[in-house]
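>>> Using only what follows, build the 3D model:
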Amino acid sequence: MANQYQADVLVVGGGTGGTAAAIQAARRGAKTILVSEFPWLGGMLTSAGVSAPDGNELEAFQTGLWGAFLQELRQRQPGGLDNSWVSFFSYDPRIGAEIFADWVQELPNLHWISRQVPLEVFRQGDSITGVRFADFAVTAKIILDATELGDLLALADIPYRWGWELQSEWGEPSAPVTFNSLTKRYPVQAPTWVVIMQDFGEALASEIPAAPNYNPSQFTGAWDGYGAEIFLNYGRLPGGLFMINWPICGNDYAEGVGRLIESDVSRGEFIQESRWHSQNFAHFIQKQLGRRYGLAEKVFPHTPTAFALHPYYRESRRLVGLTTIREQDILPIAGGRVASIFNDAFALQPFGHPTAGVCVRVGGASGREASLTGEVIALGNYANDHHYPGVQFPLQPKSIRWGGRWTGTPFTIPYSCLIPATTDGFLVCEKNISVSHIANGATRLQPVVMGIGQAAGMAAAMCVQLNCQPRDLPVRALQTALLEDNRSKTAIIPLFNLPPNRSDWRHWQLYYLDNPQAYPISGDCPFPSGNEYPHSKALIRESNCFKGIFYRLSQQEYRFTVTAPAAYQGQNWQLVTLRSHIDEQLRAYPHEQLITLWGRQNHFANWLLVEHLNGR
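Predicted structure coming up:
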């Protein structure tokens with residue numbers, strides 16, 4: 001081809017994982033090319049419109065590029081991030097896209113090319129060497145698949161999974177015993193085409209037309225049990241905007257979802273139907289709630305501007321990697337609040353390649369099993385969550401109450417689930433990691449994928465530096481690089497009470513990497529050297545001071561009746577926190593105690609987010 005580029009690292013796909021991977025690889029010094037299908041970077045967090053992200057919300061888990069993204073949002077988002085009840089962080093997707101674009105543009109060794117999709121993958125033997133696009137081709141030492149649906153896996157003939165695994169495969173407790181009507185109808189979770197609606201107040205919004213396949217019965221009862229106001233506040237964004245991403249008789253769409261990987265034509269048909277479905281839901285909302293609500297104006301950089309640039313894909317093709325994350329690897333330890341960081345997981349022994357960083361032993365249901373001790377490179381804590389329209393699918397519980405609100409059991413991601421079993425020069429860094437269909441419900445969330453992308457980008461750059469393949473990269477060197485990154489150090493061992501601004505943060509991260517058997521099932525670090533509670537002065541400065549009466553409704557459910565200031569006297573708020581030492585104090589407070597706190601109000605969730613409490 002006339003236009004040929006060479007790079008150290010090529011990232012194909014500008015979603016959540018790909019954007020993080022490209023930025024991290026370039027910051028590490030690699031000559032990096034990022035090719036995206038859409039004019040915005042960030043994927044789920046921006047171009048897919050899910051700007052009320054879930055998971056990794058606790059202070060101790062706000063690290064790495066995810067933590068840096070939240071810090072930038074706090075500085076740039078007028079009115080703050082306390083706008084919805086589904087997330088602690090809701091923001092205008094335009095601001096998220098601006099942040100990622102700024103980060104990319106500040107790196108001279110990162111070249112971003114948009115509006116291109118991969119058409120062909122080049123390989124030499126067992127190694128991937130390049131990718132062809134419509135107008136150019138790129139060769140690189142390490143290539144990362146960051147596409148929304150794992151398209152490079154198919155183009156490169158790299159083994160992947162699509163659909164369900166039975167309980168007999170890995171012994172996952174929530175997996176079906178036999179294939180059935182559900183597994184046939186919905187081989188993967190439902191995507192959602194997010195639409196942003198707007199409150200026009202007394203002005204009448206333009207009428208939202210129904211799409212050709214409108215059927216109002218699909219949406220009947222969407223907010224029954226919640227009420228219209230709570231429904232709208234679910235994904236409320238600043239500036240009178242609403243993220244419509246509603247699973248109950250809402251805009252999840254999965255009819256013939258297998259068409260996404262059959263052909264370009266069938267994918268296009270599914271995508272069109274999915275967008276029509278969201279248009280119909282918006283039409284239904286307007287018909288039910290009135291012309292005060294209409295399609296948002298000038299949000300996304302295309303027409304119509306209220307619809308995200310692409311669907312929010314919850315699941316894609318999934319790599320067959322050196323290790324596969326199973327449901328057992330994300331569930332809590334018996335009697336504990338965390339998943340094990342050294343659970344065994346089944347692994348494939350590649351032909352002709354040693355499994356670097358993985359201790360392989362014979363045994364287990366598959367005959368080959370790998371211990372993941374010391375191999376973790378990212379963390380998450382989202383509760384396992386599956387979307388099948390009209391179907392309630394029960395899953396093993398991994399939710400816990402913490403800080404006055406529900407959160408999820410923390411779990412870890414091993415490096416080997418990013419590496420193909422038999423292919424070199426290649427990593428994955430999106431929802432396409434080597435994970436079971438069941439466990440994907442927890443690993444697919446935006447902060448987790450961002451952490452996976454950061455680790456993959458760091459690994460790719462280090463492979464270039466060390467002139468080695470991803471499977472041969474010393475995992476401890478990768479872990480150390482992530483822990484010590486001078487721009488966005490990232491936690492890889494989940495500890496509720498180890499925020500990244502503690503002076504001994506690195507010590508304890510390394511300690512549990514070296515001593516995984518000592519990892520506390522409570523998820524709390526013992527801190528034998530004495531307690532140290534650093535606090536963010538900026539967060540406290542942005543908070544308001546309240547006095548009132550503390551009520552304990554249960555061990556992790558608290559109500560607060562305001563006595564001062566006078567403007568809020570008599571108001572009742574739910575107390576929540578993201579900070580471990582505040583959680584510790586709330587758990588110890590006696591019922592009906594008078595307390596003073598500093599916090600931020602979220603009027604749409606009716607909670608006070610406590611940042612500082614009684615001098616602590």
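
>>> Give the residue spans of the stretch 151-300 of the chain that score low on pLDDT.
Along the stretch 151-300 of the chain, no part satisfies pLDDT under 70.

>>> hmm, 90 instead?
By pLDDT under 90, the weakly predicted segments of the stretch 151-300 of the chain are 213.

>>> before we move on, what about the stretch 401-550 of the chain?
Across the stretch 401-550 of the chain, the ranges flagged by pLDDT under 90 are 517, 527-543.

>>> for it, what spans make up the strands?
405-408, 411-414, 426-428, 544-554 (DSSP state E, counting those that start in this stretch).

>>> Mind checking these for the one nearest to Y511?
Evaluated over the strands of the stretch 401-550 of the chain, closeness to Y511 peaks at strand 411-414, with 15.2 Å, by C-beta to C-beta. (Each C-beta comes from the backbone N, C-alpha and C, glycine too.)

>>> in the closest one, what counts as buried?
Neighbour counts over strand 411-414 (16 or more other C-beta atoms under 10 Å) mark F411, T412, I413, P414 as buried.

>>> Would you format the residues you listed as TSV with distance to V562 included?
Output for those, formatted as TSV (distance: C-beta to C-beta, whole Å):
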residue	distance to V562
F411	37
T412	40
I413	42
P414	47
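
>>> just to revisit the earlier point, out of the strands of the stretch 401-550 of the chain, nearest to I333?
Going by C-beta to C-beta, the one of those nearest I333 is strand 411-414, 10.6 Å.

>>> Distance from the chain centre to that closest one, please.
13 Å (C-alpha atoms, centre = their mean, to the nearest Å).

>>> List the strands paired with it, with their directions.
strand 376-380 (antiparallel) (DSSP bridges).

>>> and the partner strand, C-alpha only, in PDB?
Coordinates of each C-alpha in strand 376-380 appear next as PDB, following Å, rounded to 0.1, in the frame of the first residue of the first chain:
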ATOM      1  CA  VAL A 376      -2.500  -9.800  39.000                       C
ATOM      2  CA  ILE A 377      -2.300  -6.600  37.000                       C
ATOM      3  CA  ALA A 378      -5.700  -4.900  37.600                       C
ATOM      4  CA  LEU A 379      -8.600  -5.000  39.900                       C
ATOM      5  CA  GLY A 380     -12.400  -4.500  40.000                       C
END
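
>>> which outside residues touch it?
Outside strand 376-380, the residues within contact range by C-beta atoms under 8 Å, 6 or more residues apart in numbering are 55-56, 61, 330, 341, 408, 410-415, 418, 442-443, 445, 447-448, 451-452, 454-455, 459, 475, 478-479, 482, 490-494, 513.

>>> Now, those residues that are in helices?
Residues of the contacts of strand 376-380 located in helices (DSSP state H): 442-443, 447-448, 451-452, 454-455, 459, 475, 478-479, 482, 513.

>>> just these now: which is nearest E148?
The closest of these, once distances to E148 are taken by C-beta to C-beta, is I452, at 14.1 Å.

>>> surely the closest one meets G18?
No. Counting by C-beta atoms under 8 Å, G18 is not a contact partner of I452; they are 10.4 Å apart.

>>> Give me the common contacts of these two.
Common neighbours of I452 and G18 are listed as C429, E430 (criterion: C-beta under 8 Å, 6+ apart).

>>> check contacts around the residue nearest to the spatial centre of the chain.
Residue closest to the average C-alpha location in the chain (C-alpha atoms, centre = their mean): Q446, at 1.8 Å. By C-beta under 8 Å, 6+ apart, Q446 lies in contact with T16, M44, L45, V50, P53, D54, G55.

>>> Perfect, I'm done here.
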